[in-house]
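Colleague: Got a sequence here, can you build the structure:
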Amino acid sequence: MKSSCLASGFLLLALFSTTSFAVKQEPAGRMLRPKFHSAPDCQDRPEFLTEMRNDFLGGLSRLPETVLVAREVEFYVEGNENGGPVKLHGYQSFLRTNVGSSEVLCANAAPDLKERFSLYAPTLIDTRKQPKVGQSLWQFQMMTEGNKYSFWNFKTPSFQQNEALEAYLKSTGATYKIYQKTHTEFELLLVKQTEGVTQYLSITYDAVPHLK
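Modeller: Below is the predicted model of the structure:
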């Protein structure tokens, strides 16, 4: 139990440091210039879309009183864009705060496609009656530029703490489900459909129920 609490505490510190790095320490305009890299072709859909789940919890209102801290996220885009098929798969670890913490695992897109796909999702969820940490909402983006790709994210300043998180998520056009995998591990699965393209975002959280 002690090691689990230490790990959860480290996740919280890592997330705060990542948020601080992205919002406060980057020079003005730096976040608007993401780095693009080539990526191997996507062969199969990611495992989080093909695995069978029987641990459906429901909506945010069904969560226990706790703090959920994001540990990792996967973003997958598939469909047809600009007259051709597109598949993009990105991964982000919140345990690593260095530059390589997010990456494009694989990608398929038309050589001349220049597009941006985006989803909003919480990286901190505080369901306690008297929140001390509060909510933290981030924007995750997958971008294509020719035959190179980028997966990046940043904390969005548009979300206010007095806003209802569930209402905000629905206002973005996405639907979501929450799964409780273990007593201390949860998953949020977001799906957003636009014309010809479906975006999927899976975030795995660790619960920190006794955070002071």
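Colleague: Can you give me the neighbour number for residue 154?
Modeller: Applying other C-beta atoms under 10 Å, we find 18 residues neighbouring residue 154. Just so you know, the C-beta spots here come from the backbone N, C-alpha and C atoms, and that holds for glycine as well.
Colleague: next helix or strand past the helix or strand hosting it?
Modeller: Take DSSP states H and E as the rule and residue 154 turns out to sit in strand 148-155. Downstream of strand 148-155, the next assigned helix or strand under DSSP H and E is helix 165-171.
Colleague: quick revisit: please identify the buried residues of the strand holding residue 154?
Modeller: Buried residues in strand 148-155, defined by neighbour count with 16 or more other C-beta atoms under 10 Å: 149-155.
Colleague: do the same with stretch 47-63
Modeller: Along stretch 47-63, these residues count as buried under the neighbour rule (16+ other C-beta under 10 Å): 49, 57, 60, 63.
Colleague: Make CSV out of those and add secondary structure, pLDDT and distance to residue 86.
Modeller: Below are the buried residues of stretch 47-63 laid out as CSV (DSSP: H, G, I helix; E, B strand; the rest coil; pLDDT from 0 to 100; distance: C-beta to C-beta, whole Å):
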residue, secondary structure, pLDDT, distance to residue 86
49, helix, 94, 15
57, strand, 85, 31
60, helix, 87, 30
63, coil, 90, 34
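Colleague: quick revisit: name the residues that touch the strand holding residue 154?
Modeller: Residues outside strand 148-155 that contact it (C-beta atoms under 8 Å, 6 or more residues apart in numbering) are 19, 22-23, 31, 34-39, 73, 75, 88, 90-92, 102-104, 107, 109, 123, 136-143.
Colleague: roughly how far is stretch 73-88 from the heart of the chain?
Modeller: Relative to the centre of its chain, stretch 73-88 is centred 16 Å away, using C-alpha atoms, centre = their mean, to the nearest Å.
Colleague: Checking my notes, residue 48 in a strand, right?
Modeller: No. Using DSSP: H, G, I helix; E, B strand; the rest coil, the assignment for residue 48 is helix, not a strand.
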